[in-house]
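Participant: Attaching a predicted model along with its sequence, questions to come.
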Amino acid sequence: MGSVAVSRHDNASDLPASIVDQVTTIARKNLAPMAPAIDEGTLYPGELLRRLGDVGAWGSHVPKNGAADLCCAIQSIAALGEVCGATAFMAWCQNTLVWYAANSGNSALVAKFADKFSTGQVLGGTGLSNPMKTFFGIEKFKLRGRKVEGGYIVKGVLPWVSNLGSDHYFGTIFEREDESGGIVMFLADCSDPAITLQPCKPFLAMDGTGTYGVQFRDVFVPDELILAEQAGPFVKKIRAGFILLQAGMALGLMKDCINIMDEVGPPLGHVNRYLPQQPVQFRELYAEFEKEGMALAADPYNASDDYWRRVVALRLRMGDAAVAVAHAAMLHCGARGYLKSHRAQRRLREAYFVAIVTPATKQLHKMLAEF
């Protein structure tokens, strides 16, 4: 995959490693040995996420002069996803948090948090699963808020929010209880004593992602934590980025599953060639997705209906492809892929997450049907 250089030098031999190259190195040398523990839920890689911030992994998509480019961010997530789907998901969470803060019109919030999020000094995630479903008539808002002097009081429960810890933040939305019925997007501070992080039951995969149920017990949200007083227009601005950044999860997983099929080619190719799905087909699909994804990622503020349809359609196809390529990798491996020690079975479990994380496959079909 291509990369975006950190800076230019006259002498090509003095060129520094690009952000994507540095992320790739960290993924292969440091993350790879940790992947099983993250998958099992015995390790949350906070230190590694901060190190990734040090090399610029969370800051490449920060808008400059009213424009933004998500390509490097997607490629970096893909580099992590090639090794560990759970960490790619946490990378998406962190990048999405940065995306929220960087696009906020609240100057006090931007001044206090934007650089801390984009450098990885402060980690966090996104609590937009419920709101995103609510916008398309699938759920109702789970958080309610009322206006008070200097901010809002918020209450309710979000069942699953990821990349969290006691000192983390995440962005989410509440519905106002007053007659306005408006919706407000804000940053939630997990260190607030009125916020409780409740451990979730074990998942099929992704247990080391810092995922909790979050309970708000009359939480005071000060004005400086308000991302947008009018969340509707704000979400329309950031929604393409929210979805496109997920492309990195799918691309990384696809690439490794193709590699798995190639790895078992020498010992098993004589019989694997009879399987209907071959790595060459997925390589072609990968190249198609990468081309379309990079084209869309270079223009995340495009407000046209045609652009938004392309974003939704690509996300749907990538979710389907993630499951298909992981399924094919398992079949190519045969019994050896059925061992808990083989990563093929982990990639299959992670692939289902790509297909069901918000916006899930069924929601994406609904969205396309309503165009």
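Facilitator: Received the coordinates, thanks.
Participant: what are the ranges of the strands in the chain?
Facilitator: For the chain, the strands defined by DSSP state E cover 124-126, 143-148, 151-161, 169-176, 183-189, 195-199, 212-222, 226-228.
Participant: who touches the third one?
Facilitator: Spelled out, that is strand 151-161. Applying C-beta atoms under 8 Å, 6 or more residues apart in numbering, the contact partners of strand 151-161 are 125-127, 129-130, 141-146, 170, 172, 174, 176, 184, 186, 200, 211-223, 225-226. Heads up, the C-betas are built off the backbone N, CA and C, glycines and all.
Participant: Mind giving me the ChimeraX command for buried ones among the residues you listed?
Facilitator: To isolate the buried ones among those in ChimeraX, judged by 16 or more other C-beta atoms under 10 Å, type:
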select :125,126,127,129,130,141,142,143,145,170,172,174,176,184,186,200,211,212,214,216,219,221,225,226
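Participant: Distance check, the most far-flung residue of the chain relative to its centre against His327.
Facilitator: The outermost residue of the chain relative to its centre, with distances by C-alpha atoms, centre = their mean, is His270 at 38.2 Å. Look at His270 and His327: by C-beta to C-beta, to the nearest Å, they are 21 Å apart.
Participant: measure Arg28 to Ala35 for me?
Facilitator: Distance from Arg28 to Ala35, counting by C-beta to C-beta: 11 Å.
Participant: what touches both of the two?
Facilitator: Common neighbours of Arg28 and Ala35 (C-beta under 8 Å, 6+ apart) are Val83.
Participant: Tell me which of these two has more neighbours.
Facilitator: The neighbour count for Arg28 versus Ala35, taken as other C-beta atoms under 10 Å, is higher for Ala35 (21 against 13).
Participant: Local confidence estimate at the more buried one?
Facilitator: On the pLDDT scale, Ala35 is placed at 97.
Participant: Would you check that it makes contact with Val83?
Facilitator: Yes. Look at Ala35 against Val83 with C-beta atoms under 8 Å: they come within range, at 6.0 Å.
Participant: any low-confidence regions in the chain?
Facilitator: 1-16 (pLDDT under 70).
Participant: Specify the residue ranges that define each domain of it.
Facilitator: The chain breaks down into these domains under automatic domain parsing: 12-123, 125-232, 235-369.
Participant: gap between the spatially closest residue to Val154 that is not a sequence neighbour and His332?
Facilitator: Closest residue to Val154 apart from its sequence neighbours, by C-beta to C-beta, 6 or more residues apart in numbering: Gly145 at 4.3 Å. Note on Gly145: its distance to His332, by C-beta to C-beta, is 51 Å.
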